[in-house]
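J.: Sequence and predicted structure, then a few things I'm wondering about:
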Amino acid sequence: MPTLPSWLTEPLWDQFQALLPERPEFHPHRPLGCHRRRIGDRIVFDKMLQLLRFGCSYEAIADTTCSATTIRDRRDEWIRLGVFVRLKQIALESYDRIVGLVLDQIAVDGSITKAPGGGEAAGRSPVDRGKQGLKRSGMTDGYGIPLGRVLAGANQHDSPLLAPTLDRLNDLGPLPDGITVHLDAGYDSDRTRTLLNEGGLQGRIAHKGENAPIQASRRWHVERTHVWQNAFHRLARCYERRVTVIGAFFDLADTIITVRSLNRQAWTTHLWDERPNRRP
C-alpha cells in the first residue's frame, strides 16, 4: 500500500527535487569503483514520507536500499539547506495564486500531543498524568490551510504563545485590512485584546464560562487542521528531540495538506496532466 497517492507524491517530489543541489553519483575526491554509489535522493524522500505517515523508527523503515544513518544524515543536510521551509513556502504561494488564501479570517489554537522521548520542546503534559508532551500553537487561514506554528512544552499556556504565532504572518507578504483572529476561551483576557489592538487585528474570542459551539465562529477550521496534522503519526506521537527536526516534519506535513487542499479545490476549475480521476 503506497504511503500517499501518486497524484500527490509526484508533484511533491518534482518540486522537492528542483530545490536540491546537484550532486555527483560518486564523491569527486575518491577514485571510481572504490566506494558505494550515493543513495538516490528519491529513495530517501520516500523514506521521509513513510516516517512522517507511519511514525515508525528510522531502523524500522530502513532496508537494503537505504540505511537509518543515511536517512538521518540526508534529513539534516536538507534542513541545513532550508529545503523543507522553502517547499512549504512554494506550496502556500501556489495555493494563494490558484485558489487564494483567506487571510482576512485567521484562526489560532493550541494542540497537545505525546512526546515520549522528551527533547528541546517537551514538557510535563497536564492532560497525560505529567508525562512528556509537546504543544503546538497553530495558525490557519479561513479555510484551514496551515500558515505557521510555534512549538513549546505541553505545560505552556496557549495565551503567551499567541504573539510569536501571529508573528508568522510577517512571512506571508502583503496582508488584507481588517484581519479577524478567531480564538477560544483560553485567550479570553485583557492581555490578548491589547495584543490584537496593538497589531491592528480584530479578535473574535469565546468567553469563559459560556457554552458556545465551535461552529459559532471560524475557529473550527484550525481544529480540523490539527486533526489533519495528527493523521501523520510522527506528529501525533513525536520521538524527535530537536526542534529543527520536528519543524521539518511539520513543514513537510503542512506542504502535503496544502497541496491536497489545492488539488481538491482546483479539481472542478482547472485541468492538468496528473489530475485525479475523482475529486480528492
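T.: Great, that's in hand. Numbering: from 1, shown residues only.
J.: all strands of the stretch 101-250 of the chain, in order?
T.: With strands called from DSSP state E, counting those that start in this stretch, the stretch 101-250 of the chain shows them at 105-114, 122-124, 132-140, 146-153, 180-183, 202-205.
J.: most packed of the ones you listed?
T.: Of all those, strand 132-140 has the most neighbours on average by mean count of other C-beta atoms under 10 Å, namely a mean of 25. For every residue, glycine as well, the C-beta is placed using N, CA and C.
J.: dump the residue contacts of residue 70.
T.: 39, 44, 62 (C-beta atoms under 8 Å, 6 or more residues apart in numbering).
J.: now do residue 153
T.: If a contact means C-beta under 8 Å, 6+ apart, then residue 153 has 121, 122, 123, 124, 133, 134, 135 as its contacts.
J.: For the residue nearest to the first one when sequence neighbours are not counted, list each beta-bridge partner.
T.: Looking back up the chat, that one is residue 121. Distances taken as C-beta to C-beta, 6 or more residues apart in numbering put residue 151 closest to residue 121, at 4.3 Å, once the chain neighbours are dropped. Taking DSSP bridges as the rule, residue 151 bridges to residue 136.
J.: ok, residue 151 to residue 175 distance?
T.: 24 Å (C-beta to C-beta, to the nearest Å).
J.: Could you do residue 52 as well?
T.: Taken as C-beta to C-beta, the span from residue 52 to residue 175 is 30 Å.
J.: who's more crowded, those two?
T.: More neighbours surround residue 52 than the other of residue 52 and residue 175, with 20 against 15 (other C-beta atoms under 10 Å).
J.: which other residues reach stretch 261-274?
T.: 6-8, 10-11, 91, 94-95, 98-99, 143-145, 275-276, 279-280.
J.: so how far is it from its chain's centroid?
T.: How far stretch 261-274 lies from its chain's middle: 22 Å, per C-alpha atoms, centre = their mean, to the nearest Å.
J.: What average pLDDT does that stretch get?
T.: For stretch 261-274, mean pLDDT rounds to 85.
J.: Give the buried residues for it.
T.: 261, 262, 263, 265, 266 (16 or more other C-beta atoms under 10 Å).
J.: So which of these belong to strands?
T.: Using DSSP state E, no member of these falls in strands.
J.: These: which two are farthest apart?
T.: 261 and 266 (9.2 Å; C-beta to C-beta).
J.: Give me the local confidence score for the closest residue to residue 83 other than its chain neighbours.
T.: Nearest-residue entry for residue 83: residue 19, 4.9 Å, with adjacent residues in sequence omitted and distances by C-beta to C-beta, 6+ apart. Looking at residue 19, its pLDDT reads 96.
J.: just use 532 as the starting number from now, easier for me
T.: Okay, using 532 as the starting number, the last item reads as residue 550.
J.: okay, now residue 550: neighbour count?
T.: Count around residue 550 with other C-beta under 10 Å applied: 15.
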